[in-house]
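Turn this into a structure:
(chains A and B)
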Amino acid sequence: MLNNLVLANLGHRPVRTLLSVLAIAVEVTMILTLVGVSYGTLDGTAERARGVGADILVRPPGSSVIGLSSAPMSDKLPAILMQEPHVTFAMGTMVQPLSGFDSMTGLNVDEFAKLNGGFHYLKGGPPVSDDDMIVDEFYAQQKGLHVGDTVNLVNHDWKVAGIFEGGKLARICVKLPVLQALTGNPGRLSQVFLKVDDPSKAQAVVDALRTKYKGYQIYTMEEFTSLLSISSVSLLKNFIGVVIGVSVVVGFIVVFMAMYTAVLERTREIGILKAVGGSSGLILNLLFRETLLLALIGSAVGIALTYVTQWMMKHSVPASLVQETVYGWWPIATGIAVAGALLGAIVPGMKAVKQDVTEALSYE
Amino acid sequence: MSEPAIIEISGLTKTYQVGDVPVHALRGVDLQIQQGEFVAIIGASGSGKSTLFHVLGGLTPATSGNVKIKGRDLAGMTNAERTELRKTAVGFVFQKYNLLPTLSAEDNIRIVQYIGGRPVGFSPEFEEVLRLLGIADRMKHKPRALSGGQQQRVAIARGIVNSPAILLADEPTGNLDSENSTAVLKLMGDLNRRLGQTILMITHDSDAASYADRIVRMRDGRIV
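Below is the predicted model of the structure:
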């Protein structure tokens, strides 16, 4: 019976109901999109790292798991590391961050081919001249690039020499010495990939290298990719926490406004319910059911909207932002929306409970 | 030995504070109403009859004096106890009908059953009452689709659905034309006679009051 009244009340003010649902939906979409992009970015990075085909990764001391902003290692390091037991091959790259999530990687394409057979070119071929650049299919699609096009990056005009299949090392690659010179890092590297004679001994090799090369961030590729998770990246964890906090506040304010208006508007109806014996508990029950329904519908719409944002990203910025569907976060985002909404309904609910019956019945 | 009155009021006072000024709405009301009576309380505006309605209905507490409904003393009742009284012992009919606009006529009645903790649904006897009230075929309509007279009949049906000890009606014909007023008053008379429903009607209209078994007059917060 109470549910009939809840549905009737929500249906009575369709625009307000719709706006409340949409606001809660945006809140849920915001959380799920951020989490989805975080997962997508980390998983994409992990996939490209696995695609390198190396067994061990060596990074400079103090570097972050998710990004490289400098090239402090000497390019003599690969040759030194190749002298270590079980290390059969070493290749250094330099990473130059670009705008947003993009970065440009300088490498020796022939050395890279020794690690994993090299890039698989969908169009064009490897860089030949110093101005040549190769990009993966997603970056090409995002930027509308074709072989022969010119792109200005790092204050330099590059010619697209080839478009390769994604999932290997990076999205934008150029010749290592050229990038080192352009960025003022001659002879410097950002990271070194190692190949060992027996991959099952990679962890033992890493342990030995860590002892010898103190301060360097040295991982097996398996370990490195497992570190690419939200819980391991404190910056992302904090950022998501902030967004969740903002979402709860947004949900709180929206539902507070909606329910406060509803209580004011329904002063007489609340008075009627009280006059016929409706208790404070019944009035609160009614308002909380309405709020819960708004939050649940809003969450469902929010979840549906994440597919829209996913589609938009896939078709507009497939290389920069990849949004995954993270099913495990659906109940979490819904719980956050419900909590924010119920918090927002408390004050209006108390106002409704405190209304004097005779005054409420004379309310026009 | 005669049965005790279903409503016993003695020395009832109610004083409102309007700013710094005390307004004495009831100044010592004594009244007894027997089971099955149809009593009209008549008085001019400001006579205290609406305040008496609110106190009897447990909508507002008395300042002093005693009010007993079916032996239960309203004096000293908490808000929750007065809510319980409204749920179980009193039915209301208001001048402005006060139906929930978002619910159908049927649901307006059923929600009172739900609140009263009764099984939700109409018994054959209650279906008969709906026919007597002439609204049996209007149950699926929302209040805005009903005439004033029909809305007031739905309000009457809502008021008696839980078989309250007393039906309190505050100016039940105040918003109706004469034809609908007559129909509603006749129906209340019928309910009183056929079901033995005790009715206390507040009105300023002596024609309406004439439908009652007994007329009690109020002036300046007292029964005269």
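
ok, which residues in chain B are in contact with chain A?
Residues of chain B lying near chain A by Cβ under 8 Å from any Cβ of the partner chain: B:54, B:57, B:59-60, B:80, B:83-84, B:86-88, B:92, B:94, B:98-103, B:107, B:110-112, B:114-116, B:120, B:158. Glycine gets a C-beta too; all of them are placed from N, C-alpha and C.

now do 7 Å
Contact residues (Cβ under 7 Å from any Cβ of the partner chain) of chain B with chain A: B:54, B:59-60, B:80, B:83, B:86-87, B:92, B:94, B:98, B:100, B:102-103, B:107, B:110-112, B:114-116, B:120.

which element is B:Asn66 on?
Per DSSP states H and E, B:Asn66 falls inside strand B:64-69.

so what strands line up beside the helix or strand following that strand?
From strand B:64-69 onward toward the C-terminus, using DSSP H and E, the following helix or strand is strand B:72-73. If you go by DSSP bridges, strand B:72-73 pairs up with strand B:64-69 (antiparallel).

Low-confidence ranges, the chain, go.
No chain was given, so I picked chain A. Where chain A drops to pLDDT under 70, the residues are A:64-70, A:231-234.

The chain in question should be chain B.
Residues of chain B meeting the criterion pLDDT under 70: B:1-2.

Need phi/psi at the residue nearest to A:Val276 when sequence neighbours are not counted.
Nearest residue to A:Val276 in three dimensions, chain neighbours excluded: B:Val112, at 4.9 Å (Cβ to Cβ, 6 or more residues apart in numbering or on different chains). Phi and psi for B:Val112, reported as degrees, to the nearest 10, are phi -70, psi -40.

how about the helices of the stretch 51-200 of chain A, start to end?
For the stretch 51-200 of chain A, applying DSSP state H, counting those that start in this stretch gives helices covering A:77-81, A:109-116, A:137-143, A:176-182.

For the first one, name the packing helices and strands.
It refers to helix A:77-81. strand A:87-97, strand A:191-196 (3 or more Cβ pairs under 7 Å, 6 or more residues apart in numbering or on different chains; DSSP states H and E).

In three-state terms, label the residue in the stretch 151-300 of chain A that chain B sits nearest to for me.
Going by Cβ to the nearest Cβ, chain B is nearest to A:Gly277 of the stretch 151-300 of chain A, at 2.8 Å. Assigned with DSSP: H, G, I helix; E, B strand; the rest coil, A:Gly277 falls in the coil class.

so of the residues of chain B next to chain A, which ones are in strands?
Members of the residues of chain B next to chain A lying in strands (criterion: DSSP state E): B:Phe92.

So among the residues of chain B next to chain A, which ones count as buried?
Among those, the ones that count as buried by 16 or more other Cβ atoms under 10 Å in any protein chain shown are B:54, B:59-60, B:83, B:86-87, B:92, B:94, B:98, B:100, B:102-103, B:107, B:110-112, B:114-116.

Among the residues you listed, which ones are in helices?
Among these, the members found in helices (DSSP state H) are B:54, B:83, B:86-87, B:107, B:110-112, B:114-115.

Could you export the residues you listed as JSON lines, including distance to A:Asp102?
JSON lines is the format used below for those (distance: Cβ to Cβ, whole Å):
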{"residue": "B:His54", "distance to A:Asp102": "72"}
{"residue": "B:Thr83", "distance to A:Asp102": "65"}
{"residue": "B:Arg86", "distance to A:Asp102": "69"}
{"residue": "B:Lys87", "distance to A:Asp102": "67"}
{"residue": "B:Asp107", "distance to A:Asp102": "60"}
{"residue": "B:Arg110", "distance to A:Asp102": "63"}
{"residue": "B:Ile111", "distance to A:Asp102": "60"}
{"residue": "B:Val112", "distance to A:Asp102": "66"}
{"residue": "B:Tyr114", "distance to A:Asp102": "61"}
{"residue": "B:Ile115", "distance to A:Asp102": "63"}
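
Tell me the one among the residues you listed nearest to chain A.
Closest to chain A, out of all of those and judged by Cβ to the nearest Cβ, is B:Lys87, at 2.8 Å.

Quick check: chain neighbours aside, which residue is closest to that closest one?
A:Gly277 (2.8 Å).

ok, now which ones touch residue 198?
I went with chain A, as the question did not name one. A:His86 (Cβ atoms under 7 Å, 6 or more residues apart in numbering or on different chains).

ah, no, chain B please
B:6, B:33, B:35-37, B:165-167.

how close does it sit to B:Val216?
14 Å (Cβ to Cβ, to the nearest Å).

One more: A:Gln203?
From A:Gln203 to B:Val216 the distance is 98 Å (Cβ to Cβ).

More neighbours: which of these two?
B:Val216 (19 against 15; other Cβ atoms under 10 Å in any protein chain shown).

does that one count as helix, strand or coil?
For B:Val216, the assignment made with three-state DSSP gives strand.

Pretty sure it sits against B:Ile33.
No - judged on Cβ atoms under 7 Å, B:Val216 makes no contact with B:Ile33 at a distance of 8.9 Å.

still on that earlier bit, hey, which of the helices and strands packed on helix A:77-81 is tucked in deepest?
The highest mean neighbour count among the helices and strands packed on helix A:77-81, using mean count of other Cβ atoms under 10 Å in any protein chain shown, belongs to strand A:191-196: a mean of 24.

strands paired with that one, and their directions?
Short version: by DSSP bridges, strand A:191-196 pairs with strand A:56-59 (antiparallel), strand A:87-97 (antiparallel).

Nearest to B:Lys14, out of these?
Nearest to B:Lys14, of all the strands paired with strand A:191-196, is strand A:87-97, at 77.9 Å by Cβ to Cβ.

Identify the residues contacting A:Ile270.
A:263, A:283, A:352, A:355, A:360.

Helix or strand for the residue positioned nearest the centre of chain B, just tell me which one.
Centroid-nearest residue in chain B: B:Leu168, 1.3 Å away (criterion: Cα atoms, centre = their mean). Per DSSP H and E, B:Leu168 falls inside strand B:166-170.

what does A:Leu294 give?
helix A:280-316.

ok, the spatially most distant residue from the centre of chain B to A:Ile80 distance?
Distance from the C-alpha centroid of chain B peaks at B:Asp20, with 31.6 Å (Cα atoms, centre = their mean). Applying Cβ to Cβ, the value for B:Asp20 to A:Ile80 is 94 Å.

correct me, but B:Gly28 touches B:Arg222?
Yes - assessed by Cβ under 7 Å, B:Gly28 is found in contact with B:Arg222 at 6.4 Å.

Just the helices from chain B, written as ranges.
For chain B, the helices defined by DSSP H occupy B:49-56, B:79-88, B:105-115, B:124-133, B:148-160, B:178-195, B:206-209.

Quick one: residues in contact with the first one.
Going back to what we said before, that points to helix B:49-56. A:358, B:7, B:12, B:14, B:25-26, B:29, B:41, B:43, B:60, B:62, B:67, B:168, B:170, B:200, B:202, B:218.

Neighbour-wise, which one of the contacts of A:Ile270 leads?
Tallying neighbours with other Cβ under 10 Å puts A:Ala352 at the head of the contacts of A:Ile270, with 27 neighbours.

Give me the distance between that one and A:Leu273.
Distance from A:Ala352 to A:Leu273, counting by Cβ to Cβ: 9 Å.

what residues are shared contacts of the two?
A:Ile283.

quick revisit: wait, which of the contacts of B:Thr198 is closest to B:Glu179?
B:Leu167 (22.3 Å).

and that closest one, how many neighbours does it have?
23.

try A:Val128
A:Val128, neighbours per other Cβ under 10 Å, totals 12.

Contact partners for it?
A:Val128 neighbours (Cβ under 7 Å, 6+ apart): A:Ala161.
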